[in-house]
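> Need a 3D model of the following:
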Amino acid sequence: MSEEKELTKELPLKSELLNQQKELNDKNELLLKEMQERTYSVKFEKSKIYNKLLKFLEKDAPWGHTTAAGLIMLYHNLREQKDLVKTEDWDGIIELRSANVSILWQMLTRMTGTGFYQAKDFVELMATIGEPIATAHNQVIEDNAELRQNHQDLAMVDQRLDGGEYVDDTNAESETIEEIEG
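Alright, predicted model coming up:
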C-alpha cells in the first residue's frame with residue numbers, strides 16, 4: 001500500500017468530525033444549562049447565621065472590578081430565600097446555584113475583618129457553614145469535570161478541522177447530491 005493511502009486510512013472523515021463537533025456542541029449547551037440550574041444544599045442550621053452572612057454581604061463584603069458581579073449574584077441567591085428562612089419549619093438548608101457556591105467559598109477563604117466582634121462572627125460562620133460549603137464546592141468542581149472534558153474533546157475536534165487533519169468527503173457527497181438532484 002502506498003504511503004499516501006496509509007496516511008489517508010488513519011485520518012478521520014471530515015463529515016465524521018463535523019458530526020462529532022455538532023454532538024459536542026449540543027452536549028456543551030446541555031451541560032451548561034444543567035450547571036446553571038443545579039443547586040447545592042448548604043446547612044446553615046440557624047437563621048442567625050444566615051442573617052449575619054446576608055448582613056456581611058450587604059454592608060462589609062469587599063469587592064473589586066472582577067468580583068462585584070459575583071457578590072451581587074450571591075446576595076440575590078441568598079436574599080430570594082429570606083422568606084423560607086423566616087418560616088417555623090425551615091430545616092436550616094439554603095439552596096445555592098453552582099456559581100454562588102464557588103463565590104461564597106472564595107469569599108469565606110479570603111474574608112478579613114477588624115476587631116473582636118467581627119472575628120467572633122467569622123469563627124461562628126465558619127464553624128457552622130465552613131464544612132457544608134467546602135463539601136458543596138468540591139461537588140461543584142466534580143460536577144464541572146464533565147464540562148471541562150467536553151471542552152477538551154471539542155477543542156481537539158476543532159483543531160483537527162482547522163488544521164485540515166481529515167479526509168474531505170464532504171465535496172464528494174455534495175457532488176453526488178447535485179448529480180441526483182440535477
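> so where do the helices sit in the chain?
Taking DSSP state H as the criterion, the chain contains helices spanning 3-10, 14-37, 47-59, 68-79, 82-86, 98-110, 115-163, 170-181.
> Need the winner for burial among those.
helix 98-110 (a mean of 19; mean count of other Cβ atoms under 10 Å). Every residue, glycine included, has its C-beta placed from N, CA and C.
> which residues are in contact with stretch 146-156?
When contacts are taken as Cβ atoms under 8 Å, 6 or more residues apart in numbering, the neighbours of stretch 146-156 outside the stretch itself are 21, 24, 25, 27, 28, 31, 32, 35.
> can you check stretch 122-132 too?
By Cβ under 8 Å, 6+ apart, the surrounding residues in contact with stretch 122-132 are 41-46, 49, 52-53, 56, 108, 111, 113.
> distance between that stretch and the chain's centre?
In terms of Cα atoms, centre = their mean, to the nearest Å, the gap separating the centre of stretch 122-132 from the centre of its chain is 24 Å.
> Enumerate every residue touching the closest residue to residue 161 other than its chain neighbours.
Across the structure, with Cβ to Cβ, 6 or more residues apart in numbering as the measure, the residue nearest residue 161 apart from its sequence neighbours is residue 17 (5.4 Å). For residue 17, the contacting residues are 157, 160, 161, 166, taking Cβ under 8 Å, 6+ apart as the criterion.
> Contacts only, for residue 135.
Going by Cβ under 8 Å, 6+ apart, the list of residues near residue 135 is empty.
> Distance-wise, check it relative to residue 64.
27 Å (Cβ to Cβ, to the nearest Å).
> Same check on residue 86?
In terms of Cβ to Cβ, residue 86 sits 32 Å off from residue 64.
> Many thanks, we can stop here.
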